[in-house]
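>>> What would the 3D arrangement of this be:
(one chain, ligands or ions: 2)
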Amino acid sequence: MTVIEAPPLLSVRHLRATYRVADGVIPAVRDVSFDLHAGEVLALVGESAAGKTSVAHAILGLLPAQASVEGEVRLRGAALEGEELRRARGEQISVIFQDALASLTPTLTVGEQVAEMFRVHRALDARAARAAAVEALRVVLPDAERVAAAFPFQLSGGMAQRVMIAMATALRPAMVIADEATASLDPGVRLDTLARLEALRDGGTAILLITHDFGVVARLADRVAVMYAGAIVETGDVRTIFRRPRHPYTYGLLESIPSLEHPGPITSMRGQPPDLAKLGAECPFLERCPKAVSQCRVDPAPALLAADTGVEGHTVACYNPVAIDRRPA
Ligand code: ATP
Ligand code: MG
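Residues are numbered from 1 along each chain as shown. Ligands and ions are numbered 1, 2, ... in the order given. Okay, the predicted model is just below:
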């Protein structure tokens, strides 16, 4: 019997995004491949400038003109380009950005902006679209009518974040990209947003969760892909990544999280990410790596390979991976 597996919801292969700048090029995404399955939450984690947002924008076709993009993005097996990409972006894939207020149009009421989505994508007339907009807002805001009549500047940060989530989910997309959706929010709004993302996940929506907060990863993600200097350096299920990280970078990131046993200031990993415009032949993590061997100085990091844990889907791109597990926190 032949079992034909359904293609992943989203499949990204050999994605490269390069920005042209005045004095050269910045290879922000360097050969990134991953799958996101229906209903799954995949966290893309890494420090600032790792290329996480560039991956998201490349998937959505939102990179600026000075960026060149290579590689393949498929949604349920179909290549996403041109008109298909535009449609998918509205209906199948939506985005929650960090700065909710900045992504709303200041001159339209909240209700008008949400209604517009229903007019364009559901071909509703003005009246039906307005009603649909209020219903969509009601899912996240008890006083939906009042919020619908408000302009963005009249919203608190928490309300704006909820409007953003309502807009991202109104058309029931198969997947949502949440790019630092919980960063720099005050604690109440952050918890509220986390709960909304959880509800979304529990409702079966796939999420590409972009974050540098491992607390968010632990709470929401099924799988993790760790990005460093434009490349994915380790992948695995969330438990394996937390307990048995194999890339020295992943290990270092996890060790810099404060815990109950090790309170006190966060001891961040030594060093800084490399200047992407000046990447040499060596592993980009070399200068910061406690485990570097001679090969790391002459060769770029290897491709992702199965880790020694033997756990399915656990891959690491390193010549001298960590060999011990972390102590349970
Ligand atoms: P953060 O956690 O700070 O959001 P990130 O992982 O999302 O970081 P990106 O925003 O994708 O990282 O940036 C990756 C690299 O690409 C960085 O070196 C950044 O300076 C560069 N970059 C991003 N956007 C542009 C642009 N429009 N033009 C030139 N370089 C850019
Ligand atoms: Mg970013």
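
>>> going forward, measure contacts between C-alpha atoms and count neighbours the same way
OK.

>>> can you list contacts of the lowest-mean-pLDDT helix or strand in the chain?
Among the helices and strands of the chain, helix 82-91 carries the lowest confidence by mean pLDDT, DSSP states H and E, at a mean of 78. Applying C-alpha atoms under 8 Å, 6 or more residues apart in numbering, the contact partners of helix 82-91 are 60-61, 80, 121, 171-173.

>>> quick one: which two of the residues you listed are the most distant?
Gly61 and Arg172 (20.3 Å; C-alpha to C-alpha).

>>> And the contacts of helix 82-91, which of them are buried?
Among these, those that count as buried by neighbour count (16 or more other C-alpha atoms under 10 Å) are 60-61, 80, 171-173.

>>> Point out the least confident one among those residues.
Within the buried ones among the contacts of helix 82-91, the minimum per-residue pLDDT falls on Leu80 (80).

>>> Isn't that one up against Ala58?
No: under the criterion of C-alpha atoms under 8 Å, Leu80 makes no contact with Ala58, lying 10.9 Å away.

>>> how about low-confidence regions in the stretch 151-300 of the chain?
258-268 (pLDDT under 70).

>>> still on that earlier bit, mind checking which of the buried ones among the contacts of helix 82-91 are in helices?
Of the positions in the buried ones among the contacts of helix 82-91, Leu60 sit in helices, assigned by DSSP state H.

>>> Make CSV from the buried ones among the contacts of helix 82-91 and add distance to Leu10 to it.
As requested, the buried ones among the contacts of helix 82-91 are exported to CSV (distance: C-alpha to C-alpha, whole Å):
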residue, distance to Leu10
Leu60, 12
Gly61, 14
Leu80, 10
Leu171, 18
Arg172, 16
Pro173, 13
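
>>> Of the buried ones among the contacts of helix 82-91, which is the nearest to Thr53?
Among the buried ones among the contacts of helix 82-91, and counting by C-alpha to C-alpha, the member closest to Thr53 is Leu60, at 10.6 Å.

>>> Not counting residues beside it along the chain, what's closest to the closest one?
Once flanking residues are discounted, Leu60 sits nearest to Arg89: 6.4 Å by C-alpha to C-alpha, 6 or more residues apart in numbering.

>>> For Ala174, see how far away the one you found is.
As judged by C-alpha to C-alpha, to the nearest Å, Arg89 and Ala174 stand 11 Å apart.

>>> Close to ligand 1: what parts of the protein are there?
Within the chain, the positions lying close to ligand 1 (C-alpha under 6 Å from any ligand atom) are 19, 28, 47-54.

>>> From those, list just the buried residues.
Buried among those by 16+ other C-alpha under 10 Å: 19, 28, 47, 49-54.

>>> Farthest pair within those?
Tyr19 and Glu47 (18.9 Å).

>>> If you count neighbours, what's buried in stretch 223-239?
Those would be 223-238, for stretch 223-239 by 16+ other C-alpha under 10 Å.

>>> Return the alpha-carbon coordinates of it using CSV.
C-alpha atoms of stretch 223-239 as CSV (Å, rounded to 0.1, in the frame of the first residue of the first chain):
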residue,chain,number,x,y,z
ARG,A,223,9.0,22.7,17.6
VAL,A,224,11.9,25.2,17.6
ALA,A,225,14.3,26.4,14.9
VAL,A,226,17.2,28.3,16.2
MET,A,227,18.6,31.0,13.9
TYR,A,228,22.1,32.5,14.0
ALA,A,229,23.5,34.9,11.4
GLY,A,230,20.9,34.1,8.8
ALA,A,231,21.0,30.3,9.0
ILE,A,232,19.1,27.7,11.1
VAL,A,233,21.7,26.1,13.3
GLU,A,234,19.4,23.7,15.3
THR,A,235,15.9,22.3,15.1
GLY,A,236,14.0,20.0,17.4
ASP,A,237,10.9,19.5,19.4
VAL,A,238,10.6,22.0,22.3
ARG,A,239,11.4,19.5,25.0
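
>>> List of residues touching it?
By C-alpha under 8 Å, 6+ apart, stretch 223-239 touches 27-33, 41-47, 49-52, 217-218, 221-222, 241, 246-247, 250, 273-274, 276, 284-285, 304, 312-318.

>>> So which of the residues you listed sit within strands?
27-33, 41-45, 315-316 (DSSP state E).

>>> For Gln295, which non-adjacent residue is spatially closest?
Using C-alpha to C-alpha, 6+ apart, the nearest residue to Gln295 is Tyr319, at 7.5 Å.

>>> tell me the contacts of that neighbour?
Counted by C-alpha under 8 Å, 6+ apart, Tyr319 has contacts 293, 295-296, 301-302.

>>> Could I have the PyMOL command that selects the buried members from those?
For the buried members of those, the matching PyMOL selection, counting by 16+ other C-alpha under 10 Å, is:
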select buried, resi 296+301
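
>>> which strands and helices sit next to the helix or strand hosting Ala178?
Assessed by DSSP states H and E, Ala178 sits inside strand 175-179. Taking 3 or more C-alpha pairs under 8 Å, 6 or more residues apart in numbering; DSSP states H and E as contact, the helices and strands that strand 175-179 lies on are helix 52-60, strand 93-96, strand 206-211.

>>> cutoff 7 Å now
strand 93-96, strand 206-211 (3 or more C-alpha pairs under 7 Å, 6 or more residues apart in numbering; DSSP states H and E).
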